[in-house]
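Chemist: coordinates for the following, if possible.
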Amino acid sequence: MAAIACLCRPADGGPPFLTDDPDPVAFRHWELYAFSTLDKAAEQTEVRAPAFELTYGFAPNFEVNLIFPVLASVPEDGSPAYGPGDLELGVKWRFLHETDRSPMAGIAPILSVPTGEEDRGLGNGRAWARLPVWLQKSWGRQGRQWTTYGGGGWAINTAAGQRSYPFGGWLLQKELTERLVLGGELFAWGKTEDGGRAGLIGNFGGYYNFTSSFSLLVTVGHTIAGQRRLVSYVGLFWTW
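Modeler: I've put the predicted structure just below:
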């Protein structure tokens, strides 16, 4: 998704936000997210519940992660479906460490494997990939720190009716206390399907640390321009 402190780890990027960061999990450390997401558009509503993300720092500056969702698909016209969605496999490599003057940088390619049933609206029907580059910079004293991160890349999708497209986002967040962090982001994407529209979402949320290894994460967002969508994320986070 090592951190300034284990207590602050969930705020470094990725869940619960759409924008990711270049900071991988610490070497030989694990992270687990159990979460639910909502993505409501005019023509279809998708809910991932339950969904799980497991991440492991397999080498210094490297992580691998796996996302397994159970998906509910509710089209505007048609029958709802519920079942396993597409599996996501990812890696993250931080190739530049943050200094007082320069940001941290990394790449985090993700491969989506077509394990969901396409004909029921539970999968893409073909493997597709996202190839992003992320930057991050922090300032201020620990416990009241500001952090900004973002970047973008290209999604490659050759499934029937789908399109490859650019995407990107940027986020600013603030440690209000050592337990509570809040932030906001802007996230944009190009046309994802034939006849579709590009879009820009504003998203707000954060996390609360109950302990140094257990946190609650929440965000909610809505379209600012383009394709109308309502998105949300609620999850629990463990690290060890």
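Chemist: now F17: closest residue in space, sequence neighbours ignored.
Modeler: In space, and not counting its chain neighbours, F17 is closest to E185: 5.3 Å by C-beta to C-beta, 6 or more residues apart in numbering. No exception for glycine: its C-beta is placed from N, CA and C like everyone else's.
Chemist: any idea how far the one you found lies from R28?
Modeler: 30 Å (C-beta to C-beta, to the nearest Å).
Chemist: the two: which is more packed in?
Modeler: Comparing E185 with R28 by other C-beta atoms under 10 Å, the one with more neighbours is E185, at 22 against 10.
Chemist: give the contact list for that one.
Modeler: By C-beta atoms under 8 Å, 6 or more residues apart in numbering, the residues touching E185 are 17-19, 150, 169-172, 202-204, 221.
Chemist: go through those and flag which are in strands.
Modeler: 150, 169-172, 202-204, 221 (DSSP state E).
Chemist: can you tell me which of those residues are buried?
Modeler: Neighbour-count burial (16 or more other C-beta atoms under 10 Å) applied to the ones in strands among the contacts of E185 gives 150, 169-171, 203, 221.
Chemist: among those residues, which one lies nearest to E117?
Modeler: G221 (27.9 Å; C-beta to C-beta).
Chemist: any weak-confidence spans in the protein?
Modeler: 1-13 (pLDDT under 70).
Chemist: quick one: the helices in it?
Modeler: Assignment of helices within the chain using DSSP state H yields no ranges at all.
Chemist: quick one, strands of this protein?
Modeler: Counting by DSSP E, the strands of the chain are 30-41, 44-59, 62-75, 81-84, 87-96, 104-107, 110-113, 128-139, 146-156, 165-175, 180-189, 199-211, 214-226, 229-239.
Chemist: now tabulate the ones you listed in TSV and tack on distance to L122.
Modeler: Shown next, in TSV, are these (distance: least, C-beta to C-beta, whole Å):
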stretch	distance to L122
strand 30-41	13
strand 44-59	9
strand 62-75	5
strand 81-84	5
strand 87-96	12
strand 104-107	29
strand 110-113	13
strand 128-139	15
strand 146-156	19
strand 165-175	21
strand 180-189	21
strand 199-211	22
strand 214-226	23
strand 229-239	19
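Chemist: closest to G121 out of these?
Modeler: strand 62-75 (3.8 Å).
Chemist: what is that closest one packed up against?
Modeler: Counting contacts by 3 or more C-beta pairs under 8 Å, 6 or more residues apart in numbering; DSSP states H and E, strand 62-75 is packed against strand 44-59, strand 81-84, strand 87-96.
Chemist: could I get those strands as TSV with mean neighbour count?
Modeler: Output for the helices and strands packed on strand 62-75, formatted as TSV (neighbours: other C-beta atoms under 10 Å):
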stretch	mean neighbour count
strand 44-59	17
strand 81-84	15
strand 87-96	17
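Chemist: reformat these as TSV; add distance to R229.
Modeler: Compiled in TSV, the helices and strands packed on strand 62-75 are given as follows (distance: least, C-beta to C-beta, whole Å):
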stretch	distance to R229
strand 44-59	10
strand 81-84	20
strand 87-96	20
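Chemist: closest one to Y233 among these?
Modeler: Short answer: strand 44-59, nearest of the helices and strands packed on strand 62-75 by C-beta to C-beta, at 9.3 Å.
Chemist: could you dump that closest one to PDB, C-alpha only?
Modeler: The C-alpha trace of strand 44-59 is given here as PDB (Å, rounded to 0.1, in the frame of the first residue of the first chain):
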ATOM      1  CA  GLN A  44     -26.100  -0.600 -13.100                       C
ATOM      2  CA  THR A  45     -25.200  -0.900  -9.500                       C
ATOM      3  CA  GLU A  46     -22.300  -3.100  -8.300                       C
ATOM      4  CA  VAL A  47     -21.600  -4.100  -4.700                       C
ATOM      5  CA  ARG A  48     -18.600  -6.000  -3.600                       C
ATOM      6  CA  ALA A  49     -19.600  -7.700  -0.300                       C
ATOM      7  CA  PRO A  50     -17.700  -9.400   1.100                       C
ATOM      8  CA  ALA A  51     -14.300  -8.700  -0.400                       C
ATOM      9  CA  PHE A  52     -10.800  -9.300   0.800                       C
ATOM     10  CA  GLU A  53      -7.400  -7.900   0.000                       C
ATOM     11  CA  LEU A  54      -4.200  -9.600   1.300                       C
ATOM     12  CA  THR A  55      -0.800  -7.900   0.900                       C
ATOM     13  CA  TYR A  56       2.700  -9.200   1.700                       C
ATOM     14  CA  GLY A  57       6.100  -7.400   1.700                       C
ATOM     15  CA  PHE A  58       8.100 -10.100   0.000                       C
ATOM     16  CA  ALA A  59      11.300  -8.100  -0.400                       C
END
